[in-house]
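> Sequence and predicted model, in that order:
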Amino acid sequence: MNALRRNVLKSAAGAGTVAVAVAAGLLKPTLAMAVAPRSAFEAKNVGDAMSAMGGGSPADSKDITVKAPDIAENGAVVPIEVTSNIAGTTAIAIIAEKNVTPLVAQFDLMGGTEGFISTRIKMGATALVRAVVTAGGKNFTAAKEVKVTIGGCGG
Amino acid sequence: MAEPMRIRATMAGNVADVKVLMNHPMETGARKDAKTGQLVPAHYITTVTATINGANVLNGGMSGGISKNPYLGFRVKGAKAGDKVVVNWVDNTGDKNTAEATIG
């Protein structure tokens, strides 16, 4: 009876580990693409954010347009528009490379939503604004530099 | 805290152009209050979802890196005038808001 109890405890601990691994983005759920885990948004550098959202090392693509001002006088409000002309675009992520937490937003697109996102972000310093597009299970990227006169991340 | 959210959805050809303006302070948690010198606690939208006639069209995640009073624009192919757009958000304190609009 005790042996059984041990086993139950063991398997429960095992399941817990898997759940943690999934939450940390180490294991990618094979089912429907989920929005990037919170850990990706809290990552302090581009590499960690990419791996947490399962971004891998995306290929540069000319079919992605990042529209942003060349110079942003106010880093608190920087308009960004990402257009992906890659067929079957299912997700768009926006990364401000020098921000304290670089991953700003990530959007899963479905049900006829086109590869287009328009929003406004905060930027702490002059940096590349990178779009990471997922299409057909592969990741593609494009970036544009935005010069920031006054940072908008506070602190 | 549930302040109004505005949605404008218009047809451009066979594509619905949806523009959403959310009302939210989007505090990163790294900003100091100018008067007290204390850190302003983080308060930002973490997830946004949009549906058209009940079908999911967009699921988004955000960090405090999105500007105050977030703006979000997206385009949905195959939607029709008269379809109902619903947008929901949830923030890091569990607060949430919903708004709907008809595509015109």
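Received the coordinates, thanks. Owing to the predicted nature of the structure, the values given are computational and were not obtained by experimental measurement.

> Check residue 53 and give its pLDDT.
Chain wasn't specified; assuming chain A. For A:Met53, the pLDDT comes out at 86.

> you looked at the wrong chain, it should be chain B
For B:Asn53, the predicted pLDDT is 95.

> Please apply the same query to A:Arg6.
So A:Arg6 comes in at 55 (pLDDT).

> How about the residues of chain A by chain B?
For chain A, the residues in contact with chain B (CB under 8 Å from any CB of the partner chain) are A:35-36, A:38, A:40-42, A:76-78, A:81, A:96, A:99-114, A:116-122, A:152-155. For glycine as for every other residue, the C-beta is placed from the backbone atoms N, C-alpha and C.

> hmm, which of those are the buried ones?
A:35-36, A:38, A:40-41, A:76-78, A:96, A:99-109, A:111-114, A:116-122, A:152-154 (16 or more other CB atoms under 10 Å in any protein chain shown).

> for the lengthiest strand in chain A, what is the average pLDDT?
In chain A, assigned by DSSP state E, the strand with the most residues is strand A:138-150. Strand A:138-150 shows a mean pLDDT of 93.

> Excluding chain neighbours, what is closest to A:Val82?
Excluding its sequence neighbours, the residue lying closest to A:Val82 (CB to CB, 6 or more residues apart in numbering or on different chains) is A:Ala131, at 4.3 Å.

> B:Met11 now?
B:Ala81 (5.2 Å).

> Next one: the residue positioned nearest the centre of chain B from A:Gly136, what distance?
Centroid-nearest residue in chain B, with CA atoms, centre = their mean: B:Met22, separated by 4.7 Å. Here B:Met22 is placed at a distance of 31 Å from A:Gly136 (CB to CB, to the nearest Å).

> ranges for the helices of the chain?
In the absence of a named chain, this looks at chain A. For chain A, the helices defined by DSSP state H occupy A:2-23, A:38-42, A:46-52.

> from memory B:His43 sits against B:Lys68, does it?
No - with contact defined as CB atoms under 8 Å, B:His43 does not reach B:Lys68; the gap is 10.5 Å.

> The residue of chain B found nearest chain A - how many residues pack around it?
Closest residue of chain B to chain A, CB to the nearest CB: B:Arg31 (2.8 Å). Using other CB atoms under 10 Å in any protein chain shown, B:Arg31 has 17 other residues around it.

> And the pLDDT at it?
pLDDT, B:Arg31: 88.

> Apart from its chain neighbours, what residue comes closest to B:Ala79?
That would be B:Ala16: by CB to CB, 6+ apart, it lies 3.7 Å from B:Ala79.

> Regarding the one you found, what is its secondary structure?
strand (DSSP: H, G, I helix; E, B strand; the rest coil).

> burial count for it?
By other CB under 10 Å, neighbour count at B:Ala16 equals 26.

> next one: A:Lys138
Neighbours around A:Lys138, by other CB under 10 Å: 13.

> The residue nearest to B:Ala79 pairs with what?
B:Met11, B:Val76 (DSSP bridges).

> low-confidence ranges in the chain?
As the question left the chain open, I've gone with chain A. For chain A, residues meeting the criterion pLDDT under 70 lie at A:1-34, A:151-155.

> wait, I meant chain B there
B:1-3.
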